[in-house]
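**Q** I need the structure of the sequence given here:
(2 chains)
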Amino acid sequence: GQQVMQIPQYQHVQEGEDFTTYCNSSTTLSNIQWYKQRPGGHPVFLIQLVKSGEVKKQKRLTFQFGEAKKNSSLHITATQTTDVGTYFCAGSNNNDMRFGAGTRLTVKP
Amino acid sequence: NAGVTQTPKFQVLKTGQSMTLQCAQDMNHNSMYWYRQDPGMGLRLIYYSASEGTTDKGEVPNGYNVSRLNKREFSLRLESAAPSQTSVYFCASSWKDAKNIQYFGAGTRLSVL
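**A** So this is what the prediction gives:
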């Protein structure tokens, strides 16, 4: 079945440093979504990518969808303490959506 | 805007006890989902309901049952709780299917002793 792998599992950065998390699927995806979960909270939708090679930006966050629609990345420029949390990718194919294990980001002020 | 509401927020059970986790959404969504979240394993789908009157197994359905009571409500039942079911449970809903944005409830933290 479809599997979604996400790396790294943890990332600790100094405030102001950049951060990237990567998501890879074993199968071609119809779309990929990214969610953020604050400590003690629930996942909250960030963005959805649908087209091959698509790039979307939300302020300091840049999301990319690979040309083959099997991988994606989330890049945060100049992290802030408010970026702390776990970032999940979720890949969809044939009405089946699988979440990656998430990347837990901690930011040292 | 209530969104997705889960009850209870916390629960402690003894092995063998049963309980039902409740979930309701007020967004008129067709699809609803139950996930469990364990450290290092992300969100794993237990069961989902694509529309009122239908339910299907997800990735980890063993030990659970679900009921889509109506369009708004989707409950998860543990008939005989086991320590391996200690987890955080999230209910979610989406407009049509898994390709759509999912909206999550606040979660239920369950401990089985």
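
**Q** Chain B versus the residue lying closest to residue A:103 once chain neighbours are set aside, what's the distance?
**A** Leaving aside its sequence neighbours, residue A:103 sits nearest to residue A:21 (Cβ to Cβ, 6 or more residues apart in numbering or on different chains; 3.9 Å). Heads up, the C-betas are built off the backbone N, CA and C, glycines and all. Relative to chain B, residue A:21 is positioned 12 Å away (Cβ to the nearest Cβ, to the nearest Å).

**Q** My guess is residue A:21 contacts residue A:8. True?
**A** Yes. Look at residue A:21 against residue A:8 with Cβ atoms under 8 Å: they come within range, at 7.1 Å.

**Q** Which neighbours do those two have in common?
**A** Taking Cβ atoms under 8 Å, 6 or more residues apart in numbering or on different chains as the criterion, residue A:21 and residue A:8 both touch residue A:103.

**Q** Neighbour count for the two, which is higher?
**A** Using other Cβ atoms under 10 Å in any protein chain shown, the more surrounded residue of residue A:21 and residue A:8 is residue A:21, with 24 against 12.

**Q** How about the contacts made by the more buried one?
**A** Under the criterion of Cβ under 8 Å, 6+ apart, the neighbours of residue A:21 are A:6, A:7, A:8, A:11, A:73, A:74, A:87, A:89, A:103, A:105.

**Q** From these, pick the one nearest residue B:31.
**A** Proximity of those to residue B:31 was ranked by Cβ to Cβ; the top entry is residue A:89 with 19.6 Å.

**Q** Near chain B, which residues of chain A? Just list them.
**A** Neighbours of chain B within chain A, by Cβ under 8 Å from any Cβ of the partner chain: A:6, A:9, A:30-31, A:33, A:41-45, A:48, A:88, A:90, A:92, A:95-102.

**Q** Which among those count as buried?
**A** A:6, A:30-31, A:33, A:42-43, A:45, A:48, A:88, A:90, A:92, A:96-102 (16 or more other Cβ atoms under 10 Å in any protein chain shown).

**Q** Can you flag which of these belong to helices?
**A** Nothing among those maps onto helices, per DSSP state H.

**Q** Close to chain A: what parts of chain B are there?
**A** Within chain B, the positions adjacent to chain A are B:35, B:40-45, B:50, B:59, B:90, B:92, B:97-99, B:101-107 by Cβ under 8 Å from any Cβ.
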